[in-house]
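When you get a sec, could you give me coordinates for this:
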Amino acid sequence: MSPSLAPLLAPRRSRSAVGTALLGCSLAVVASSTAAASVLVKYPFNNNADGNSGFNYTTFDSSVLAGSVVAAGSGLGVFTVGTDSWSGAMQVLKTGPSTDVAGANAATALANNWYFSVTLTALTTMSIGSIDVDWSRGGTSEQRGWFVRSSLDGFSSDLFTNSTPAGTPTGLQSQAISLSGFTGLSSVVFRFYSWTPETGRYMDFQNLQFNTLTAAIPGPGAAGLAACGLLGLGRRRRR
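Numbers count the residues shown, from 1 in each chain. From the prediction side, this is the model:
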């Protein structure tokens, strides 16, 4: 390389290196604001897992929760952990109506209290960010469905809803339900409504889990952020 060109190329490399460093600082600042989910409580609905008729939790955050209770609504005729016709040896929570209602739908479930509830009580306050659950139809016949509501708005709106037509294959499907506004709560009740047109038809559930949001993942720290600031300031001065 010609000696006369070296002074011209050196600043370019320097500016490129500074730009790369500033980009790294920007990414680090973004990473520092990322939140991580943690499990508040998890119900496997599998007696092999929890050893108490399938209604014990396997995870319980005692630093946040004072208690968690699962209960059947007054209209459910079937609310038990066991094997369904499609599941073989796999245990699931079977839910079914107490009466036959031809053409049953979500409105029928509301009118007849076809739901099970989960009540979460905080030690002080809690914030809930999402719900994870595995679910399945109990069989392929007839229209079936399920939906979720909460006491936050007096059980007046759906947090999630699903309807599956006849012929839909069985087998567990995973569903993540994102929540908004469930912050600073002392207690809350979630209702999982399910509907089928006959007492011998079920909607099945397993691995019901409630998640909260923890504090932000630590980023570069104050020293690292200060270094980023000085780097940017030095770049402006050179310009």
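
Below-threshold pLDDT in the chain: ranges please.
The chain contains residues with pLDDT under 70 at 1-36, 214-239.

If we use 90, what do you get?
Counting by pLDDT under 90, the chain contains low-confidence residues at 1-37, 48, 50-53, 213-239.

Give the partner strands of the lengthiest strand in the chain in its sheet and their orientations.
Residue-count comparison of every strand in the chain, with assignments taken from DSSP state E, identifies strand 203-216 as the longest. On the basis of DSSP bridges, the sheet neighbours of strand 203-216 come out as strand 35-43 (antiparallel), strand 91-97 (antiparallel), strand 128-137 (antiparallel).

Give the buried residues for that strand.
Buried residues in strand 203-216, counted by 16 or more other Cβ atoms under 10 Å: 203-212. All C-beta spots, glycine's among them, are computed from the backbone N, C-alpha and C.

Closest one of those to Phe45?
For the buried residues of strand 203-216, the closest approach to Phe45 (Cβ to Cβ) belongs to Gln206, at 4.9 Å.

Could you list which residues are in contact with that closest one?
Taking Cβ atoms under 8 Å, 6 or more residues apart in numbering as the definition of contact, the neighbours of Gln206 are 44-46, 90-93, 133-135, 172.

So how do I select the buried members of these in ChimeraX?
Below is the selection syntax for ChimeraX that covers the buried ones among the contacts of Gln206, with 16+ other Cβ under 10 Å defining burial:
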select :44,45,46,91,92,93,133,134,135,172
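
will you turn the contacts of Gln206 into JSON lines that also has distance to Ser53?
Compiled in JSON lines, the contacts of Gln206 are given as follows (distance: Cβ to Cβ, whole Å):
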{"residue": "Pro44", "distance to Ser53": "12"}
{"residue": "Phe45", "distance to Ser53": "10"}
{"residue": "Asn46", "distance to Ser53": "11"}
{"residue": "Met90", "distance to Ser53": "16"}
{"residue": "Gln91", "distance to Ser53": "10"}
{"residue": "Val92", "distance to Ser53": "13"}
{"residue": "Leu93", "distance to Ser53": "11"}
{"residue": "Val133", "distance to Ser53": "19"}
{"residue": "Asp134", "distance to Ser53": "19"}
{"residue": "Trp135", "distance to Ser53": "20"}
{"residue": "Leu172", "distance to Ser53": "20"}
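
Alright, I will stop here.
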